[in-house]
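I would like to see how this sequence folds:
(2 chains)
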Amino acid sequence: MNTSITIVDYGVGNLLSVARAFEHCGAEVTISDSAETILNSDRLLLPGVGAFADGMAGLAERGLIDPLRAFAESDRPFMGICLGMQLMFEVSEEFGEHRGLSIIPGRIQAVPTLGLDGMPHKIPHIGWNQLVRPDSEPSWNGTILEGVAEQEAFYFVHSYAAVPLHSEHRLADTLYDGQVISAVIRHGSVYGCQFHPEKSGHAGLRVIENFCALALHEPKLLEQSV
Amino acid sequence: MGNVRLIARLDIKGPNLIKGIHLEGLRVMGDPQQFAQRYYEAGADELLYIDIVASLYGRNNLTDIVRRTARDIFIPLTVGGGVRSADDVKTLLRAGADKVAINTAAVARPELIREVARRFGSQCMVLSIEAKEVRPGKWEAFTDNGRERTGLDAVEWAQRGVDLGVGEILVTSVDREGTRKGFDCKLIRAIAETVPVPVIASGGMGTCAHLVDVVQEGKADAVAMADALHYSRFTFADMRSAAREARIPVRQA
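You can find the predicted model right below:
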């Protein structure tokens, strides 16, 4: 199986690690900032670290905002990682209010500075944290989390987090001192990971393999059958 | 508290992994890549590479080693030693580093912290502080592997770093480094209780009990260890079970 994936290069972050992780999982990787290449891809990855406003500016400069929205509409596998995932939402509150790609309804808000016990905890939220399946999500089968054990830990590093408008878009959460943080988002064939699968050892590579194995033009019917 | 991170620290000189005492008196251990691969497979949460002579020569030689590591190792990698400018940071990040640790250049020009944090994000700006106790309960920040005084109080410097945009602080006790006598828990605690960002404790780990001490007494968020791993005195599995016994959360690896 020769899976091909395009990684969007919009001037932020460490593309090498994410490209290597996909190659390690057998994918053919193209790194591109061309709208045409992006629109013709089988699978798309939007990586990124750094500030939200800088990320949107990087996409705008390269004329990629509309192409990314169009790709998301096309029902092909599309994954955002960390900032890349956050950019898929409507609005971010990081350093003022900024418009995002509006692919997924919801906002990006600061990670709560206190744990549920009312005690201050460290921000950024850095480290390996376990995934939990929300009550609204009956199963991870057929998703990028297929075969991932609950309690398996992934590497997070962030100060802001997604708050999806609709709970059915939350595929997995994580708890930071009791505070619920969205860890994986799913909206049709669009996925977002707050953690870094390319930095989460074997568990992370499994998520990447699962993404590469998602059927192209995944039928929408599947969503109801799982 | 989240899972405490266990970080393998590899001090590097030229092409070699080395091990010193008090950051001096070096011994060559071998090819860093082989050690890094071993620690990745054994369940290290992160890797930390420090080029320990780079700041003396004013350059960082780790780019090639970083590039090799990033090819096959899929956990976070922090790189430090001789990082002097935002362009140096860019070079290391493009080679596959996730974060950079800066000491000497930040002391010389604190504005560098703000530049790096603004351009690449706070999450990749680690302030490295080498601290020596100068009188009871007072620590001074040093540079160049504990050789040069800075006149900065280590705790105040940590707070200043946070104000400038640091996302994490690596605190190495020069007094304890390589001694296996345990971490300087008072130093770690003084900084960890002052700053809102995570603190990585480094220097002095000799037994698994030291790990428990520096988390419980020192309030460390992450723990770096070097020669204990290089000489296989204990494993990540040993550390994880010691931590769990003490009810310290660590990831299941």
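
can you list the residues of chain A near chain B?
Within chain A, the residues that sit near chain B (Cβ under 8 Å from any Cβ of the partner chain) are A:13-17, A:20-21, A:24, A:49-51, A:113, A:120-130, A:151-153, A:155, A:157-159, A:176-177, A:196, A:198-202, A:204-205. (Each C-beta comes from the backbone N, C-alpha and C, glycine too.)

ranges for the helices of chain A?
For chain A, the helices defined by DSSP state H cover A:15-24, A:35-39, A:52-61, A:65-73, A:83-87, A:201-213, A:221-225.

oh sorry, the question was meant for the stretch 1-150 of chain B
Counting by DSSP state H, counting those that start in this stretch, the segments of the stretch 1-150 of chain B that form helices are B:32-42, B:54-57, B:63-72, B:86-95, B:104-108, B:111-120.

which of these has the lowest average pLDDT?
Sorting these by mean pLDDT places helix B:54-57 lowest, at a mean of 64.

which residues does residue A:61 contact?
A:10, A:11 (Cβ atoms under 8 Å, 6 or more residues apart in numbering or on different chains).

to clarify, my last question referred to residue B:242.
B:208, B:209, B:211, B:212.

ok, those vs chain A, which is closest?
Taking Cβ to the nearest Cβ as the measure, chain A lies nearest residue B:211 of the contacts of residue B:242, at 15.3 Å.

go ahead and confirm that closest one touches residue B:205.
Yes. At 6.5 Å, residue B:211 and residue B:205 qualify as touching, with contact defined as Cβ atoms under 8 Å.

mind showing which ranges of the chain have poor pLDDT?
Because you didn't say which chain, this covers chain A. Within chain A, the stretches with pLDDT under 70 are A:1, A:217-226.

could you do chain B instead?
B:21-25, B:55-60.

just checking, what's the longest strand in it?
strand B:125-135 (DSSP state E).

spatially nearest residue to residue A:4, not counting backbone neighbours?
With Cβ to Cβ, 6 or more residues apart in numbering or on different chains as the criterion, residue A:4 has its nearest non-adjacent residue at 4.3 Å, and that residue is residue A:28.

doesn't residue A:6 make contact with that neighbour?
No. Using Cβ under 8 Å, residue A:28 makes no contact with residue A:6, being 9.8 Å away.

number of residues surrounding residue A:17?
By other Cβ atoms under 10 Å in any protein chain shown, the residues close to residue A:17 number 26.

that one is in contact with residue A:198, isn't it?
Yes. The pair residue A:17 and residue A:198 passes the contact test of Cβ under 8 Å, sitting 5.1 Å apart.

which residues sit in contact with residue B:12?
So residue B:12 contacts B:18, B:32, B:49, B:50, B:51, B:52, B:61, B:62, B:65, B:81 (Cβ under 8 Å, 6+ apart).

any idea which of the helices of chain A is most buried?
helix A:83-87 (a mean of 28; mean count of other Cβ atoms under 10 Å in any protein chain shown).

okay, it in CSV with CA atoms only?
Only the C-alpha atoms of helix A:83-87 are listed here, as CSV (Å, rounded to 0.1, in the frame of the first residue of the first chain):
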residue,chain,number,x,y,z
LEU,A,83,-1.7,24.5,16.4
GLY,A,84,-2.8,22.9,13.1
MET,A,85,-5.8,21.5,14.9
GLN,A,86,-6.5,24.7,16.7
LEU,A,87,-6.5,26.7,13.4
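
who in chain B is up against chain A?
B:1-5, B:40, B:43, B:45, B:67, B:70-72, B:74-76, B:93-98, B:120-124, B:167-168, B:196-198, B:221-222, B:251-253.

so which of the residues you listed sit within strands?
Those of the residues of chain B next to chain A lying in strands (DSSP E): B:5, B:168, B:222.

scan the residues you listed and report the most crowded one.
Those, ranked by neighbours (other Cβ under 10 Å): first place residue B:168, 27 neighbours.

was I right about residue A:192 contacting residue A:184?
Yes. At 6.9 Å, residue A:192 counts as touching residue A:184 under the criterion of Cβ under 8 Å.

for the residue nearest to residue A:4, list the residues it contacts.
So residue A:28 contacts A:2, A:3, A:4, A:5 (Cβ under 8 Å, 6+ apart).

centroid-nearest residue for the chain?
By default, I'm working from chain A. Computing the C-alpha centroid of chain A and ranking residues by Cα atoms, centre = their mean puts residue A:192 first, at 2.1 Å.

sorry, I should have been clearer: chain B.
Centroid-nearest residue in chain B, with Cα atoms, centre = their mean: residue B:170, separated by 4.7 Å.
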